[in-house]
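J.: sequence first, then the predicted structure, then my questions.
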Amino acid sequence: MRATYRVLAYLIAFEVVVQASVMVWGIAGMGIWVDDGGVVDKQTFEDAFDNGTKPFDEFTGLMIHGQNGMMIIPLLALALVIVSFFARIPRGVAFAFGVLGLVVLQVMLGIFGHEVSALGALHGVNAFVLFGTAVMAGRRASSVAKPADEEPVSVSA
Amino acid sequence: MQVRRLRLPLALLATAVVVTPIAWLWWDSRLPDSYDITQMGYADYGGGPEAGHEHHAGHPGTPVAELVERSRRPADVTETLTAARDGDRITINGTSPGPTLRVTQGDLVEVTLRNEDITDGTTIHWHGIDVPNAMDGVAGVTQDAVEPGKTFTYRFRADQVGTYWYHAHQVSHEQVRQGMLGALVIEPRRPDKGVRDEVAVLHRYGSTPTLNGAEGTQTVDAQPGDEVRVRVVNTDNALMPIWVTGAPYRVLAVDGTDVHEPGEVRDVAVKLTAGARVDLGVVVPEGGARVDFGATTALVLGEDPTGGAEPKAPRTFVDFLGYGTPTDPGIDASSPDRRFDYRIGRRPGFLDGKPGMWWTINGHLFPDIPMYMVEEGDVAVFHIENNSGESHPMHLHGHHALVLSRDGKEATGSPWWIDSLEVAAGEEFEIAFVADNPGIWMDHCHNLPHAAEGLVAHLMYAGVTSSYDIGDAPGNHPE
């Protein structure tokens, strides 16, 4: 369970990196498309998200960002919480809930960044907080994974 | 040691506490194979009386299927529209967009829809025309989807002069995209002589934007001094900016209703809501004029004033809240009989068992949403609020509503009547309408994939009962 916790935590941190990467890839592609005289409007976005009609290949990056961020990462965070109940990591449950809370906040900032652009800026900052918290959670799982596993450490539950 | 023995049961209990509500929400969200829309969600009386909504034995009410055009006289206009599959498109009488129907005010119109081979079945909804309920073309609410090889005949009086359109309302988020649509113009009995009349149907096939089915720029052979009325129909799912280069213009009508004393504007754009229409009036100057639809298609009137260069889009927009001059709108919304909230939000949850970030209405997910209950003759006010982070073009069937205010700011221009209203993220509107067309009417987002994602409510009249069912079993999927 401890190993599962560690893998999930690092996987979430890795997913944050993926999110940043695909977003910039998509926006770079959009810049090139517009630079070449292409048009991007609301219908472009609606078609792409509804039925996968993409004006340029890098639009895939924006679609991955949405799918990953609203589905896969929240599911990973939820799985981390459940695993934390069994993993016997000092403050592992607290960290798992912390990661889940930051993921929820991140989704909200992402969605409402469409309404108030300053929230989009916070979305960028919160990504680092989430990344850091997920890495710290993973490290906790690593540092206690020693022979002391058989000892009843931390019976404070 | 005691604590160690308890650890596993505690972990299992904690897991159950997290997982059980999620599992229950999933289980509860699944839709039955067949359901009556009037049996879903909860009744919202908007502060008005509940009387008349109870159906006692012996007072079964009027079924939707009987809410038809009463006149038995022969139709003035008879048309047959044959819908057929053509690769990834749906054509009507061989083309997409389908034929533009032009009728005269007061005509009794009879259109027979023939489904040649659309396997999902199809229907026709008359977008913006306040037809009798059974003629509204919503599969599973006002009729059954027309199966391949079958027909359905729509009969209605064309009373409202203006620009409208028709489209499928069965699996509409796919069928409209595939081109199951066309324009319908109701001309006044005494048309403006000497005004050229052009219809501009905007639709995107795949990623190709088109104007009346063709890409790029089209030219109308107009002379300087000619007056042109351009009837623009946005059949897509997203807002489209429209502007005129080379000449000032007026917005003569919005959603089919004439604007009162529309002022001349120049170098500003009109934001055309998904599903909505505007009629633009342009007097062609020396050197010509050009109407641009986004930066995607254009209609040139006479010469091209840009010389074919890239069109420059204005960065300011006509605000219909203050456009034109006021006049009696013919509706008194100062003390409405009912006041409804239509608050749009978004949250994680399950829609028919599918997890995702779904739209909510008044905090609830489809189908656990309000059914807005009215009685014939009521004046109803809707407070529409959008906190979902995305814009929604809201479309009320069977009625035209008057915009009273936006973000608390009252309308000061011409009465602004709409059937399709762009509600941007963070915006709120108050709109009013008279409940004068009994039936069960959809009130939904015309970004049609959003409707398929549950952003669809209904207006229900007292004394009306449903006649049809939605779901896999009856084969009716209106969204």
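T.: Perfect, thanks for sending it.
J.: alpha carbons only for contacts and neighbour counts from here, please
T.: Noted.
J.: next one: B:G353 from chain A, what distance?
T.: Distance of B:G353 to chain A, computed by CA to the nearest CA, to the nearest Å: 14 Å.
J.: list the contacts of that residue.
T.: For B:G353, the contact set (CA atoms under 8 Å, 6 or more residues apart in numbering or on different chains) comprises B:26-27, B:29-30.
J.: dihedrals phi and psi, it?
T.: Torsion angles at B:G353 (phi, psi; degrees, to the nearest 10) stand at phi 90, psi -10.
J.: need the helices for the chain, in chain order.
T.: All of this refers to chain A. A:2-35, A:42-51, A:59-67, A:73-87, A:92-112, A:117-143 (DSSP state H).
J.: oops, wrong one, chain B.
T.: B:2-29, B:172-175, B:448-452.
J.: which among those is found nearest to chain A?
T.: Chain A sits nearest to helix B:2-29 of all the helices of chain B, at 4.8 Å, using CA to the nearest CA.
J.: just the buried residues of stretch A:101-119, please?
T.: A:102-115, A:119 (16 or more other CA atoms under 10 Å in any protein chain shown).
J.: which other residues reach it?
T.: A:69-70, A:73-74, A:77, A:120-123, A:126-127, A:129-130, B:388-390, B:425-426.
J.: and it, how far out from the chain middle?
T.: 12 Å (CA atoms, centre = their mean, to the nearest Å).
J.: residue contacts, the residue of the stretch 151-300 of chain B found nearest chain A?
T.: Residue of the stretch 151-300 of chain B nearest chain A, by CA to the nearest CA: B:A238 (4.9 Å). Applying CA under 8 Å, 6+ apart to B:A238 gives the contacts A:42-43, A:46, B:273-274, B:393, B:447.
J.: and the lowest-mean-pLDDT helix or strand in chain A, what does it pack onto?
T.: Ranked by mean pLDDT, DSSP states H and E, the weakest helix or strand in chain A is helix A:42-51, scoring a mean of 89. Counting contacts by 3 or more CA pairs under 8 Å, 6 or more residues apart in numbering or on different chains; DSSP states H and E, the secondary-structure elements packed against helix A:42-51 are helix A:59-67.
J.: so which other helices or strands are in contact with the helix it packs on?
T.: helix A:2-35, helix A:42-51.
J.: per-domain residue ranges of chain B.
T.: B:37-60+B:329-465, B:71-187, B:195-301 (automatic domain parsing).
J.: okay if I get the helices of chain B as TSV plus mean pLDDT, distance to B:A158 and mean neighbour count?
T.: Formatted as TSV, the helices of chain B follow (pLDDT from 0 to 100; distance: least, CA to CA, whole Å; neighbours: other CA atoms under 10 Å in any protein chain shown):
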stretch	mean pLDDT	distance to B:A158	mean neighbour count
helix B:2-29	90	41	14
helix B:172-175	97	24	22
helix B:448-452	96	26	22
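J.: got a markdown table for these, with distance to B:E227 too?
T.: Putting the helices of chain B into a markdown table (distance: least, CA to CA, whole Å) gives the following:
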| stretch | distance to B:E227 |
| --- | --- |
| helix B:2-29 | 55 |
| helix B:172-175 | 36 |
| helix B:448-452 | 35 |
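J.: circling back: give me the buried entries from the contacts of stretch A:101-119.
T.: Using 16+ other CA under 10 Å, the buried ones in the contacts of stretch A:101-119 are A:69-70, A:73-74, A:77, A:120, A:123, A:126-127, A:130, B:388-390, B:425-426.
J.: which one of those is nearest to B:H169?
T.: B:E390 (23.3 Å; CA to CA).
J.: hey, C-alpha coordinates of stretch B:104-114 in PDB?
T.: Coordinates of each C-alpha in stretch B:104-114 appear next as PDB, following Å, rounded to 0.1, in the frame of the first residue of the first chain:
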ATOM      1  CA  THR B 104     -46.300  35.400 -46.500                       C
ATOM      2  CA  GLN B 105     -47.700  36.500 -43.200                       C
ATOM      3  CA  GLY B 106     -51.000  34.800 -42.400                       C
ATOM      4  CA  ASP B 107     -50.300  31.800 -44.600                       C
ATOM      5  CA  LEU B 108     -51.300  28.500 -43.300                       C
ATOM      6  CA  VAL B 109     -48.200  26.400 -43.900                       C
ATOM      7  CA  GLU B 110     -48.200  22.700 -44.300                       C
ATOM      8  CA  VAL B 111     -44.800  21.000 -44.400                       C
ATOM      9  CA  THR B 112     -44.400  17.200 -44.700                       C
ATOM     10  CA  LEU B 113     -41.200  15.800 -43.400                       C
ATOM     11  CA  ARG B 114     -40.100  12.600 -45.100                       C
END
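J.: give me the mean pLDDT for that stretch.
T.: Across stretch B:104-114, pLDDT averages out at 98.
J.: gap between it and the chain center?
T.: 20 Å.
J.: contacting residues around that stretch?
T.: So stretch B:104-114 is contacted by B:74-83, B:103, B:123-124, B:146, B:149-161, B:186-189 (CA under 8 Å, 6+ apart).
J.: okay, now B:T80: neighbour count?
T.: B:T80 has 15 neighbouring residues, counting by other CA atoms under 10 Å in any protein chain shown.
J.: circling back: pick out whichever of the contacts of B:G353 sits closest to B:A313.
T.: B:S29 (45.1 Å).
J.: what residue lies at the spatial centre of chain B?
T.: What sits nearest the mean C-alpha location of chain B, by CA atoms, centre = their mean, is B:H395, with 3.7 Å.
J.: wait, what's in contact with that one?
T.: Taking CA under 8 Å, 6+ apart, one finds B:275, B:419-421, B:443-446 in contact with B:H395.
J.: now the residues you listed: which count as buried?
T.: By 16+ other CA under 10 Å, the contacts of B:H395 give B:275, B:419-421, B:443-446 as buried.
J.: who in chain A is up against chain B?
T.: A:39, A:41-44, A:46-47, A:50, A:53-55, A:70-71, A:82, A:85-86, A:111-115, A:152, A:155, A:157 (CA under 8 Å from any CA of the partner chain).
J.: please indicate which of these are buried?
T.: Buried, going by 16+ other CA under 10 Å: A:43-44, A:46-47, A:53-55, A:70-71, A:82, A:85-86, A:111-115, out of these.
J.: residue ranges with poor pLDDT in the chain?
T.: Picking chain A for this. A:144-157 (pLDDT under 70).
J.: chain B, not that one
T.: If you take pLDDT under 70 as the line, chain B has these spans: B:1-3, B:51-59.
J.: strands along the stretch 51-200 of chain B, start to end?
T.: For the stretch 51-200 of chain B, applying DSSP state E, counting those that start in this stretch gives strands covering B:62-63, B:77-86, B:89-92, B:101-104, B:108-115, B:125-127, B:151-157, B:162-167, B:181-187, B:195-205.
J.: who does the last one pair up with?
T.: In other words, strand B:195-205. Partners of strand B:195-205 in the sheet, by DSSP bridges, are strand B:208-211 (antiparallel), strand B:227-234 (parallel).
J.: mind listing what's buried along that strand?
T.: For strand B:195-205, the neighbour count (16+ other CA under 10 Å) marks B:199-205 as buried.
J.: farthest pair within the residues you listed?
T.: Taking CA to CA, no two of the buried residues of strand B:195-205 sit farther apart than B:V199 and B:Y205, at 18.4 Å.
J.: can you tell me how far B:L396 is from chain A?
T.: Taking CA to the nearest CA, one finds B:L396 at 21 Å from chain A.
J.: circling back to that earlier point, got JSON lines for the buried residues of strand B:195-205, with distance to B:S414 too?
T.: Listed next are those as JSON lines, based on distance: CA to CA, whole Å:
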{"residue": "B:V199", "distance to B:S414": "24"}
{"residue": "B:A200", "distance to B:S414": "24"}
{"residue": "B:V201", "distance to B:S414": "25"}
{"residue": "B:L202", "distance to B:S414": "26"}
{"residue": "B:H203", "distance to B:S414": "29"}
{"residue": "B:R204", "distance to B:S414": "32"}
{"residue": "B:Y205", "distance to B:S414": "35"}
